[in-house]
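S.K.: One predicted model, sequence on top.
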Amino acid sequence: MHLKQLDIIGFKSFKNKITLKFPQAKKDRLNMTAIIGPNGAGKSNLIEAISWGLGEQSLKSLRSKKSEDVIFSGTKKKIRSNLAQVNLLFSNEYVSSDKKYKEFSIIRKIYRNNDGEYLINNSPVRLHDINLLMAEANFGQKSYSIISQGLTDKIITSSSIEKKNFFDEATGIKQYIYKKNQILRKINKSKDNLNQAEIALKEIKPHLASLTRQINKLSRKKEIKMRLFNLQKIYYQETLYRLNNEIKLLKEKRELAKVEKKKFEEKLNKYRQESKKLISNKINTEYEYNQEKYQEALRKINQYKESKLKITIKQSEAVNKKNNESITQAEVVKHIKDIKKYQEKFVIKIKNTNNVKEIDIIIIKANNILAKIKELLNKMSGENIKKSKKDYFKKLEEERETINKKIEELNKTAKNINKFLSKFATKELNERKKLFSWQEKAQVQQNVINNINNTINEFNISLAREETRKQVIEEDIRQEKIEINTTNIVKPANNYTINIEQINNLKRQIELIGGIDTEVEKEYLPVKERYDFLSSQTSDIKESLISLKKIEQKLDEKIKNKFQKNFDKINQTFNKYFKIIFNGGSAKIIYTKSKTVNNNSKINDEYYIKNHTEEKKEETKKDEIEILANPPGKKIKNIQMLSGGEKALSSLALICAIISINKPPFVILDEADSMLDQANCLKFIKILKELRKYTQFIAITHNQQTIKIADILYGITMDPKSGASKIMSLKLNYSSK
Ligand code: ATP
């Protein structure tokens, strides 16, 4: 790698764009460029342009107070620029052919408003990328790549940290330090992320635990509900199937009972009609008519008998009046009283009885009394009375006879009627018997019908009960939202595989779990996702932290080893060049590393210094680098104790040793030879010739010896009118390259 072209626009005194083209590499070495120019022409500005272009941050190094000071500030004739830009075009050809790019560019820009950017191959990059790239190319920005007059002082008077930094670059470990710092930044960021993730996890954990508990409850509830639902489905199916069967069976039974009932009703109707026929009005009217006639006859007979009795009484009274002599009056009175008693008895009896036989008996008894009265009357009657009374008696007798005849007639009539009635009664009895038998039969039917009705009623009650149960079940099904086609229930595999107790048990379990806010489900998922995300992030970070630590450890190893190795090499070469320059003597660098320094925190770069200055100072205090130089014939002394020239020569020997070991792509010599006398300058040129095998040199010099070995010469001048630097390529007359 070497610098192929340099373009500067608006940087410091370079108002207008200037282009410096560097010659191609030779077969066995890289090119060397010499730049000459009067004081104040802008030579240092050109070097600063290169170091600024490669990312220099130190305002002091850039001889500026503010970042924008690097932009052309304008003169009386030229207005100021708003942009400073430096383009560095590198070639990869010489050093390595397997690099990705044959050439690549680095561009840095800054605007007046302080906006700026870095580009590699025209793509924006970070400063860190440029630093890393240059470090990988062993371009010692801070140490050996720009060798100025003040280098001696810089090396000698620098602090321990600066020295360490110088040797980090010198030993080529800077790139690993950048990498390590990058890793440390990643570790710190990962630790921050891990910390944040762990805090978030800690916060989320109890909430998630509570949500999980509720979710588990909810899923248990759902699972039970599902089981309940399935059980209910089977249970309801079975119940409905059974109820439907029961209802169907009851309806069939009821229909059969109704058919049966109809049969009995038909029979009952038949028997009732038969009975009705027997209880016709006709029979009753005829019977009643004769009955009345019979009663009438009896009544009349009684009336006649009464009349007869009256006649007898009349006869008796007549007898009483006549037969006093033959019978005592008291006796007659007594007899008449008896007769009266009988008469009253008879009258009452006759009145109260319809019985013909009884009436006959009464009549017989009355006749006896009559005979007795006759006898009494005979006893009582005298001859005088006999005659007058005879007619009277005759008349009474005739009356009696008439009555007797009538009674006889009436008895006959009554007898006939009675005959009829008794005949009728027999007939009626038979009829009644028949009627009774029909009625009895009807009653039997009625009883059967009643029984059937009872049975039908029982069926109806059972049906109502079963249908109500069915309705209840159907309502339950609706309420439980169970999808069962209630109109078409298929027979379940096994009847009643599930009992209601199982269902109630599940319902109790659901009740026990209690109500859970359904919002929990919505809340749970994002919380769980966040928890999982944080958990996986935490473990990812932990894993990456482990691998980062491993990388850090490896880098530490590499830094340590390379530092030590290259430090030793530099030491040897320093001694060699010192001997060349001083024609003998010896020189060495002593590095005393603090044994108490914590390896993990031992970082030595700008980033770390910026951020951990105090801490770093503490830690690096004991890291000491001492340069010892022993010119021929003198005791080994600290470089500070040498003369100005000796210091400069010693520093050059050291820098050359570093260049020799690190082989930077290019080195800028900013009047590094100005302090050397001619003899020393030749020695220096000898070393340069050796070094340019691997390193391109750009030398700002007034020394003819140095110019002689250059491949190209540029001259910088300051245009006094515009105040801007100009550049021109000058022909070289020398041929000793
Ligand atoms: P010497 O040989 O004396 O060291 P030199 O060639 O190195 O001189 P420089 O220091 O590079 O000269 O250039 C200095 C010149 O650049 C000065 O004239 C200074 O005014 C000018 N200069 C510095 N910064 C700016 C700027 N921002 N804008 C314009 N001119 C600037």
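M.R.: Structure received.

S.K.: Distance from the chain centre to stretch 635-649, please.
M.R.: Relative to the centre of its chain, stretch 635-649 is centred 80 Å away, using CA atoms, centre = their mean, to the nearest Å.

S.K.: got the CA positions of that stretch in PDB?
M.R.: Below are the C-alpha coordinates for stretch 635-649, written out as PDB (Å, rounded to 0.1, in the frame of the first residue of the first chain):
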ATOM      1  CA  LYS A 635      28.100   5.700  29.900                       C
ATOM      2  CA  ILE A 636      24.600   4.700  29.200                       C
ATOM      3  CA  LYS A 637      22.500   7.700  29.900                       C
ATOM      4  CA  ASN A 638      18.900   8.700  29.700                       C
ATOM      5  CA  ILE A 639      18.300  10.300  26.300                       C
ATOM      6  CA  GLN A 640      17.300  13.500  28.100                       C
ATOM      7  CA  MET A 641      20.900  14.000  29.200                       C
ATOM      8  CA  LEU A 642      22.300  14.000  25.600                       C
ATOM      9  CA  SER A 643      23.000  17.100  23.500                       C
ATOM     10  CA  GLY A 644      20.400  18.500  21.200                       C
ATOM     11  CA  GLY A 645      22.000  16.900  18.100                       C
ATOM     12  CA  GLU A 646      22.500  13.600  20.000                       C
ATOM     13  CA  LYS A 647      18.900  13.600  21.000                       C
ATOM     14  CA  ALA A 648      17.700  14.200  17.500                       C
ATOM     15  CA  LEU A 649      20.000  11.500  16.100                       C
END
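
S.K.: Buried residues in that stretch, which are they?
M.R.: 639, 642, 646-649 (16 or more other CB atoms under 10 Å). Any C-beta I mention is one placed from the backbone N, CA and C, and that applies to glycine too.

S.K.: Closest one to the ligand out of the residues you listed, please.
M.R.: Distances from the ligand to the buried residues of stretch 635-649, taken as CB to the nearest ligand atom, are shortest for A648 (17.3 Å).

S.K.: Helix or strand: which one has that closest one?
M.R.: Using DSSP states H and E, A648 sits in helix 644-662.

S.K.: helices and strands around that helix, which ones?
M.R.: helix 151-157, helix 160-170, helix 519-582, strand 586-592, strand 624-630, helix 678-691 (3 or more CB pairs under 8 Å, 6 or more residues apart in numbering; DSSP states H and E).

S.K.: Pick out the shakiest of those, pLDDT-wise.
M.R.: Mean pLDDT is lowest for helix 151-157 among those, at a mean of 72.

S.K.: and S105, how far is that from S123?
M.R.: For S105, the distance to S123 (CB to CB, to the nearest Å) stands at 10 Å.

S.K.: Looking at the two, which has the bigger crowd around it?
M.R.: For S105 versus S123, neighbours defined as other CB atoms under 10 Å are more numerous around S105 (16 against 9).

S.K.: Enumerate the beta-bridge partners assigned to the spatially closest residue to the more buried one that is not a sequence neighbour.
M.R.: For S105, ignoring the flanking residues on the chain, the nearest one in space by CB to CB, 6 or more residues apart in numbering is L89 at 4.9 Å. In this entry, L89 is beta-bridged to Q5, S105, by DSSP bridges.

S.K.: wait, doesn't L89 sit right on I120?
M.R.: No. In terms of CB atoms under 8 Å, L89 does not count as a neighbour of I120; the distance is 11.5 Å.

S.K.: Figure out which of the helices and strands packed on helix 644-662 is closest to K314.
M.R.: For the helices and strands packed on helix 644-662, the distance to K314 is smallest for helix 519-582, at 128.7 Å, taking CB to CB.

S.K.: re earlier: looking at the helices and strands packed on helix 644-662, which is buried most?
M.R.: Ranked by mean neighbour count, the helices and strands packed on helix 644-662 are led by helix 160-170 with a mean of 21 (mean count of other CB atoms under 10 Å).

S.K.: Distance from that helix to the middle of the chain?
M.R.: 61 Å.

S.K.: helices or strands next to it in the packing?
M.R.: helix 519-582, helix 613-620, strand 624-630, helix 644-662.

S.K.: how about a markdown table for these, with distance to the ligand added?
M.R.: Output for the helices and strands packed on helix 160-170, formatted as a markdown table (distance: least, CB to the nearest ligand atom, whole Å):
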| stretch | distance to the ligand |
| --- | --- |
| helix 519-582 | 25 |
| helix 613-620 | 30 |
| strand 624-630 | 27 |
| helix 644-662 | 17 |
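
S.K.: Nearest approach to M718 belongs to which of those?
M.R.: helix 644-662 (27.9 Å).

S.K.: Direction included, what does the next helix-or-strand element following that closest one pair against?
M.R.: Downstream of helix 644-662, the next assigned helix or strand under DSSP H and E is strand 666-670. Take DSSP bridges as the rule and strand 666-670 pairs in its sheet with strand 146-148 (parallel), strand 696-700 (parallel).
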